[in-house]
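K.L.:
sequence first, then the predicted structure:
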Amino acid sequence: MRGYGDLRGDRLAEITTQLGFPTAYFSAVIDLHPARNARTLELIALAQGFAATVAMRCKHALACPRPGSYSVQIQPMIVTPGHGALPAAHAVEAFIVAEVIKHLVDPGAQNMDLRRMLDRAAAWISVNRTVVGVHFPADSLSGAMLGQTLGEYFCARAGAGTPVQAATFDGPGVGSEDFSLGTLMELSGDDWRRKSGARIALAPVVAAPEAAPALSWLWQAARREWTGVV
């Protein structure tokens, strides 16, 4: 935590802009604009709300203390939220958005640069919550895993036809490790994909669940903003 605290001077301005849903940081990656991508932004907002709801249920069930509860030297730069730390909701919300954009904009998994940049943006947002002093790296790792899994489920329910892969998180094994995107993802040939490791274990892939009609309608409307097909 001391090492992350050294970054506060450089990151304070952007941390302040990330207190709510940091959609703008993904907008910069894929050039989102309300005039062109109203349905895409609506879909992203829906995914964020879904992620936040699930994250809060986990937080309340686990009730993990925040860093400031362990040491007076942490001194968070913002008011510490009243709910528990693990999983980090910002990580859950950021990584679900990354997954949704991947499947929406690049359904054939052809643009590895885009996919990696989306995950890097999500990871950066997650790390900033440790920099500001309200999360441990373990919170971000668990949140990222949950966000990716919820993202696959969300896309499948939207009719994207994507498989869903559950995962488990080894909390006690994290210890003082830093949060790293390399713990979650790997580049295998031309494929940027989730991976199993010492901290995250992936379950077998299961078939996509049945699509929800209303969500599927919104997904198709958002897809048309990227394909131009009416």
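P.N.:
Looks like it came in fine.

K.L.:
pLDDT (mean, whole number) over the helix or strand where Ile15 lies?
P.N.:
Assessed by DSSP states H and E, Ile15 sits inside helix 8-17. The average pLDDT for helix 8-17 rounds to 85.

K.L.:
ok, residues contacting it?
P.N.:
Helix 8-17 is touched from outside by 24, 77-78, 128, 131-132, with contacts defined as C-beta atoms under 8 Å, 6 or more residues apart in numbering. For the C-beta atoms, the positions are set from N, CA and C on the backbone; glycine is no exception.

K.L.:
and the furthest pair within those?
P.N.:
Ala24 and Met77 (20.0 Å; C-beta to C-beta).

K.L.:
neighbour count for these two, which is higher?
P.N.:
Legend: neighbour count by other C-beta atoms under 10 Å for Ala24 and Met77, higher for Met77 (15 against 12).

K.L.:
and the more buried one, how far from Val134?
P.N.:
Here the criterion is C-beta to C-beta, to the nearest Å. By it, Met77 lies 9 Å from Val134.

K.L.:
what do you get for Leu32?
P.N.:
From Leu32 across to Val134, the span is 27 Å (C-beta to C-beta).

K.L.:
could I get the contacts of helix 8-17 as JSON lines with pLDDT and secondary structure?
P.N.:
Listed next are the contacts of helix 8-17 as JSON lines, based on pLDDT from 0 to 100; DSSP: H, G, I helix; E, B strand; the rest coil:
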{"residue": "Ala24", "pLDDT": "91", "secondary structure": "helix"}
{"residue": "Met77", "pLDDT": "86", "secondary structure": "coil"}
{"residue": "Ile78", "pLDDT": "87", "secondary structure": "coil"}
{"residue": "Asn128", "pLDDT": "92", "secondary structure": "helix"}
{"residue": "Val131", "pLDDT": "90", "secondary structure": "helix"}
{"residue": "Val132", "pLDDT": "92", "secondary structure": "coil"}
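
K.L.:
turn those into JSON lines, including distance to Arg39.
P.N.:
As requested, those are exported to JSON lines (distance: C-beta to C-beta, whole Å):
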{"residue": "Ala24", "distance to Arg39": "18"}
{"residue": "Met77", "distance to Arg39": "36"}
{"residue": "Ile78", "distance to Arg39": "32"}
{"residue": "Asn128", "distance to Arg39": "28"}
{"residue": "Val131", "distance to Arg39": "34"}
{"residue": "Val132", "distance to Arg39": "33"}
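
K.L.:
what is the nearest of those to Leu146?
P.N.:
Closest to Leu146, out of all of the contacts of helix 8-17 and judged by C-beta to C-beta, is Asn128, at 18.0 Å.

K.L.:
what distance separates stretch 112-121 from the middle of the whole chain?
P.N.:
Distance, stretch centre to chain centre, for stretch 112-121: 12 Å (C-alpha atoms, centre = their mean, to the nearest Å).

K.L.:
do the same with stretch 170-184
P.N.:
Counting by C-alpha atoms, centre = their mean, stretch 170-184 comes out at 15 Å from the chain centroid.

K.L.:
name the residues of that stretch that are buried.
P.N.:
171, 174, 179, 181, 183-184 (16 or more other C-beta atoms under 10 Å).

K.L.:
the closest residue to Ala201 other than its chain neighbours: neighbour count?
P.N.:
Nearest non-adjacent residue to Ala201, counting by C-beta to C-beta, 6 or more residues apart in numbering: Thr168, 4.8 Å away. For Thr168, the number of neighbouring residues by other C-beta under 10 Å comes to 13.

K.L.:
Thr168: which element?
P.N.:
strand 167-169.

K.L.:
and that strand, average pLDDT?
P.N.:
The average pLDDT for strand 167-169 rounds to 92.
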